[in-house]
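**Student:** Sequence and predicted structure, then a few things I'm wondering about:
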Amino acid sequence: MRTRTALVYKDEHGIARVTILPDVDETLADAQENERALTTVRGNSHLPMLVDMRSMKSQTRESRQHYGSPAATRGITAVALLVESR
């Protein structure tokens, strides 16, 4: 599933994958859209999640806070973040 800022899918190993698109400035609205996409992809399953943020340009504080909220973490058993320093 594609949102304005990410590709969200479940891979062949049952891992929820979120790949942030290049040069994205992510806002709270984007984080909420990505959460809805993840909920659709995840269904009723409880899954680990891998987030590839290496190509992200920036992320608002509100976006980061949203991803840590109980609603955004529901159904996620573990999270790994791929990041890169610039």
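**Tutor:** Nice, I can see it.
**Student:** Run through the residues that contact Thr5.
**Tutor:** When contacts are counted by C-beta atoms under 8 Å, 6 or more residues apart in numbering, Thr5 touches 20-21, 24, 26, 30, 33-34. The way it works is simple: take the backbone N, C-alpha and C, and place the C-beta from them, glycine included.
**Student:** Roughly how far does it sit from Val51?
**Tutor:** The gap separating Thr5 from Val51 is 12 Å, by C-beta to C-beta, to the nearest Å.
**Student:** One more: Pro70?
**Tutor:** For Pro70, the distance to Val51 - C-beta to C-beta - is 18 Å.
**Student:** more crowded one of the two?
**Tutor:** For Pro70 versus Val51, neighbours defined as other C-beta atoms under 10 Å are more numerous around Val51 (21 against 6).
**Student:** Using the three-state scheme, assign the more buried one.
**Tutor:** When classified by DSSP: H, G, I helix; E, B strand; the rest coil, Val51 comes out as strand.
**Student:** Can you list the residue ranges for helices in the protein?
**Tutor:** With DSSP state H, the ranges of helices along the chain come out as 28-42, 61-67, 70-73.
**Student:** Start and end of stretch 11-27, how far apart?
**Tutor:** 26 Å (C-alpha to C-alpha, to the nearest Å).
**Student:** can you pull the contacts of the residue nearest the centre of the chain?
**Tutor:** The chain has Val18 as the residue nearest its centroid, 4.6 Å off, counting by C-alpha atoms, centre = their mean. Residues near Val18 by C-beta under 8 Å, 6+ apart: 6-8, 34, 38, 49-52.
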